[in-house]
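**Student:** have a look at this fold, sequence not included:
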């Protein structure tokens, strides 16, 4: 597995080896031992989630506050997304910064987003199936949302002139400065 560390401490782009031929491909999407050897982190996942969304759907920027902060290992199994992690750890030297990567079914990339970060994605293909493993359970009383278009973050979403499709919760998100 190839691991690329991003400019935000703890956020890593993972590229598992895929073995393919004319019949298709095979890859291990997660192996605890290999993950530890590549990243130095032991993880305990408690929940797997799957969402399907149409082109232009933007989900996020979601997070959960302590004691229910979630680490997420995210990937796409159909279609493609622009995936974003935002550092909202006040004591971090990269507080308020974001990283964005393209995750597609074809590139097999995954993004590890540690607890304490906000996360969101924009679907860039006709539809996308998005999978993510979490290190804590969904806790509605601990959830929060930062606006996708927060001017202090200035995320460069690849919208190509389209208006994103947002849920009511995401439309009501707050600003980073108000956390």
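**Tutor:** It's in. What you see is a predicted model; the values in this text were computed from it and never measured.

**Student:** residue 9 and residue 95 touch, don't they?
**Tutor:** No. Taking contact to mean C-beta atoms under 8 Å, the distance of 10.6 Å between residue 9 and residue 95 leaves them out of contact. Any C-beta I mention is one placed from the backbone N, CA and C, and that applies to glycine too.

**Student:** now do the shared contacts for the two.
**Tutor:** Residues touching both residue 9 and residue 95 (C-beta atoms under 8 Å, 6 or more residues apart in numbering): residue 87.

**Student:** can you pull up the bridge partners for residue 57?
**Tutor:** Assessed by DSSP bridges, residue 57 has beta-bridge partners residue 165.

**Student:** was I right about it contacting residue 122?
**Tutor:** Yes. Taking C-beta under 8 Å as the contact criterion, residue 57 and residue 122 are neighbours in contact, 7.4 Å apart.

**Student:** hey, what's in contact with both of those two?
**Tutor:** Contact with both residue 57 and residue 122 is made by residues residue 164, according to C-beta under 8 Å, 6+ apart.

**Student:** the more surrounded of the two?
**Tutor:** Taking residue 57 and residue 122 together and counting by other C-beta atoms under 10 Å, residue 122 has the greater number of neighbours (26 against 20).

**Student:** which residues does the closest residue to residue 12 other than its chain neighbours form beta bridges with?
**Tutor:** Nearest non-adjacent residue to residue 12, counting by C-beta to C-beta, 6 or more residues apart in numbering: residue 112, 4.6 Å away. With DSSP bridges as the criterion, the beta-bridge partners of residue 112 are residue 12, residue 73.

**Student:** what about residue 112, neighbour count?
**Tutor:** That count, for residue 112 with other C-beta under 10 Å as the rule, works out to 23.

**Student:** equivalent analysis for the one 3 residues further on, please.
**Tutor:** With neighbours defined by other C-beta under 10 Å, the count for residue 115 comes to 17.

**Student:** which ones are touching the spatially closest residue to it that is not a sequence neighbour?
**Tutor:** The shortest distance from residue 115 to any non-neighbouring residue, by C-beta to C-beta, 6+ apart, is to residue 69 (3.7 Å). Listed by C-beta under 8 Å, 6+ apart, the contact set of residue 69 reads 63, 115, 116, 136, 142.

**Student:** out of those, what pair is the most spread apart?
**Tutor:** In these, the most distant members under the criterion C-beta to C-beta are 116 and 142, with 12.4 Å between them.

**Student:** give me the more crowded residue out of those two.
**Tutor:** More neighbours surround residue 116 than the other of residue 116 and residue 142, with 19 against 16 (other C-beta under 10 Å).

**Student:** many thanks, have a good one.
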